[in-house]
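> Predicted model and sequence below, questions to follow.
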Amino acid sequence: MRIGVLTGGGDAPGLNPAIAGVVERAALDGHEILGLKRGWEALSIRENDNHIILLGPEIIREYSRLGGSKLQCSRTNPVAEDKDRTDLVKENMKKLGLDAVIAIGGEDTLGAAAVLSERGIPVVGIPKTIDRDLVGTEYTLGYDTALNVICDSAERIAHTAESHQTIFLLEVMGRHAGWLALRGGEAAFADVILIPEYSFTMDQLTSVVDERLRESERLGFEQLYKIVVVSEGAHIEGEDAVRRDSQIDEFGHYSLGGVGNYLKGLLQHEFKHTRYTALAYLQRGAPPSQKDRQIGRRFGHNAVEMIKNGDTGYMVAIKRARLTKTPLEEVRKSPSLVDVDKNYDTERLNVKIEWTDLPDES
Ligand code: F6P
């Protein structure tokens with residue numbers, strides 16, 4: 001068999017190990033893997049010679065440890081209503097002799113895969129997004145690495161915050177899902193965590209920060225700095241999320257960013273020394289963690305097995321700590337958001353910890 005593999009959407013740590021896993025499994029059975037560059041773009045244009053690369057087992061060692069995607073990414077939508085390229089995708093697959101495609105992506109790339117699959121194209125998905133907002137799987141590649149970056153950065157911020165007695169806002173990604181802020185903030189023991197799923201008022205935020213300052217005093221130690229982890233999609237009640245600019249991508253998404261800076265301006269009226277840092281792309285560009293390498297590799301193996309078994313139209317998934325598969329169609333119900341009742345303390349604006357639950361298990 002000849003199988004194409006592509007990476008679409010925003011890059012995430014774990015993409016290269018997943019590609020390495022695909023190549024490793026395919027090589028065992030003598031299948032050929034073609035790398036399709038820049039996501040769905042490779043199959044959505046006519047002159048695509050520069051987009052195609054043969055991937056043999058010699059790439060495995062290098063790909064296994066690298067962040068980003070050696071196949072590059074794009075937010076190309078081959079099934080956009082105003083520019084549908086389904087026929088061209090079919091034509092290109094025929095021209096390249098592809099029996100199936102493995103699409104590694106988030107809700108957009110896999111949403112397009114679901115539509116193409118309904119239209120008769122054999123495709124298997126591998127879930128990736130640092131946001132962990134895909135329905136149908138408990139894990140998405142990149143999430144663990146991004147959480148490690150958040151946790152490590154919060155530690156660094158705490159040193160400077162302590163030295164200057166600062167209320168420090170640390171803005172993290174996640175789009176409209178608060179998982180990164182919630183679990184990164186939990187791991188970092190953040191004093192306040194703001195997520196998109198719960199809109200707060202400025203009065204509430206101010207008094208919660210104030211309470212946390214008084215609380216340390218009450219408990220007999222002086223801690224005059226506080227760490228507020230804020231998700232880029234978090235917003236004040238009655239207001240929209242802060243947009244980074246006015247650009248909209250092929251899937252209709254605008255970019256979020258800047259809420260930390262906005263809140264800093266408002267909090268400065270109450271707290272003398274307030275500062276802000278956005279982690280932005282530092283969360284995405286890190287080398288994949290051990291978990292993202294292992295899961296990426298296994299996802300890659302499973303995707304090839306699924307194609308061999310004729311299980312196209314599915315996404316590789318993890319449910320209840322087991323590798324399984326989910327119909328691609330389900331991904332279109334994304335995003336999967338934080339359940340506020342279960343996971344968030346709306347009084348303290350922080351994570352709710354249930355002693356019987358492990359994080360992110362459902
Ligand atoms: O979906 C991954 C993500 O990193 C989001 O957390 C973020 O909002 C978005 O992509 C940024 O997209 P871009 O790479 O287009 O700036």
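Received it, and whenever you're ready, just let me know what you need. Numbering: from 1, shown residues only.
> all contacts plus neighbour counts: C-alpha atoms, from now on.
Will do.
> if I look at residue 97, how far off is the ligand?
Separation of residue 97 from the ligand (Cα to the nearest ligand atom, to the nearest Å) stands at 31 Å.
> can you count the residues close to the closest residue to that residue other than its chain neighbours?
Using Cα to Cα, 6 or more residues apart in numbering and skipping the chain neighbours, the partner closest in space to residue 97 is residue 2 (6.8 Å). Using other Cα atoms under 10 Å, residue 2 has 15 other residues around it.
> One more: residue 262?
For residue 262, the count of nearby residues is 12 (other Cα under 10 Å).
> Look at it and give its secondary structure.
helix (DSSP: H, G, I helix; E, B strand; the rest coil).
> thinking again about what came up before, phi and psi next, for the residue nearest to residue 97.
phi -120, psi 120 (degrees, to the nearest 10).
> so what's it up against?
If you count contacts by Cα atoms under 8 Å, 6 or more residues apart in numbering, residue 2 has them with 31, 32, 33, 34, 97, 98, 99, 100.
> Greatest separation within the residues you listed: which pair is it?
Comparing all pairs in these by Cα to Cα, the longest separation belongs to 31 and 97, at 12.4 Å.
> Model confidence score at residue 361, please.
Note for residue 361: predicted pLDDT of 63.
> so which helix or strand takes in residue 174?
Using DSSP states H and E, residue 174 is not contained in any helix or strand.
> what about it, distance to the ligand?
With Cα to the nearest ligand atom as the criterion, residue 174 and the ligand are 4 Å apart.
> Leaving out the residues flanking it, which one is nearest to that residue?
residue 131 (4.4 Å).
> any idea how far the one you found is from the ligand?
Distance of residue 131 to the ligand, given as Cα to the nearest ligand atom: 5 Å.
> Surely that residue touches residue 180?
Yes. Counting by Cα atoms under 8 Å, residue 180 is a contact partner of residue 131 at 6.3 Å.
> list residues touching both of these two?
143, 173, 174.
> Just put those residues in JSON lines and tack on pLDDT, neighbour count and distance to residue 62.
Output for these, formatted as JSON lines (pLDDT from 0 to 100; neighbours: other Cα atoms under 10 Å; distance: Cα to Cα, whole Å):
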{"residue": "143", "pLDDT": "98", "neighbour count": "29", "distance to residue 62": "21"}
{"residue": "173", "pLDDT": "98", "neighbour count": "26", "distance to residue 62": "28"}
{"residue": "174", "pLDDT": "97", "neighbour count": "24", "distance to residue 62": "28"}
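> Among these, pick out the one closest to residue 218, please.
Of the shared contacts of residue 131 and residue 180, the one sitting nearest to residue 218 (Cα to Cα) turns out to be residue 173, at 33.7 Å.
> just checking, the closest one touches residue 131?
Yes. In this structure, residue 173 is within contact of residue 131 by Cα under 8 Å, at 7.2 Å.
> any common contacting residues for those two?
Common neighbours of residue 173 and residue 131 (Cα under 8 Å, 6+ apart) are residue 180.
> Just the closest of the contacts of residue 2 to residue 8, please.
Nearest to residue 8 among the contacts of residue 2, counting by Cα to Cα, is residue 34 at 15.3 Å.
> Show the contacting residues for the closest one.
2, 3, 4, 5, 52, 53, 54, 55.
> Can you give me the distance of the last one to residue 71?
From residue 55 across to residue 71, the span is 10 Å (Cα to Cα, to the nearest Å).
> same check, this time on residue 172
Using Cα to Cα, we find residue 172 at a distance of 26 Å from residue 71.
> And what about the closest residue to residue 284 other than its chain neighbours, helix, strand or coil?
Of all residues not flanking residue 284 in the chain, residue 12 sits nearest, at 5.3 Å (Cα to Cα, 6+ apart). Following three-state DSSP, we place residue 12 in the coil state.
> more neighbours, residue 172 and residue 71?
It is residue 172, of residue 172 and residue 71, that has more neighbours when counted by other Cα under 10 Å, with 30 against 21.
> Next, count neighbours for residue 214.
16.
> so it sits in a strand?
No. With three-state DSSP as the criterion, residue 214 is helix rather than part of a strand.
> one step back: tell me the one of the shared contacts of residue 131 and residue 180 nearest residue 251?
Residue 251 lies nearest to residue 174 out of those, by Cα to Cα, at 16.6 Å.
> tell me the phi and psi of residue 154?
Residue torsions, per degrees, to the nearest 10, at residue 154 are phi -60, psi -40.
> residue contacts, residue 249?
Residues in contact with residue 249 (Cα under 8 Å, 6+ apart) are residue 75.
> likewise residue 124?
Residue 124 neighbours (Cα under 8 Å, 6+ apart): 100-103, 113, 303, 306-307, 311-316, 328.
> hmm, try it at 6 Å
For residue 124, the contacting residues are 102, 312, 313, 314, 315, by Cα atoms under 6 Å, 6 or more residues apart in numbering.
> so which of these comes closest to the ligand?
Nearest to the ligand out of the contacts of residue 124 is residue 315 (Cα to the nearest ligand atom; 17.8 Å).
> so which strand or helix has the closest one?
Going by DSSP H and E, residue 315 is part of strand 314-319.
> could you pull out the helices for the stretch 1-150 of the chain?
15-29, 41-44, 60-63, 86-96, 107-118, 143-164 (DSSP state H, counting those that start in this stretch).
> Now render the ones you listed as TSV, adding distance to residue 267.
Below are the helices of the stretch 1-150 of the chain laid out as TSV (distance: least, Cα to Cα, whole Å):
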stretch	distance to residue 267
helix 15-29	39
helix 41-44	44
helix 60-63	44
helix 86-96	50
helix 107-118	35
helix 143-164	15
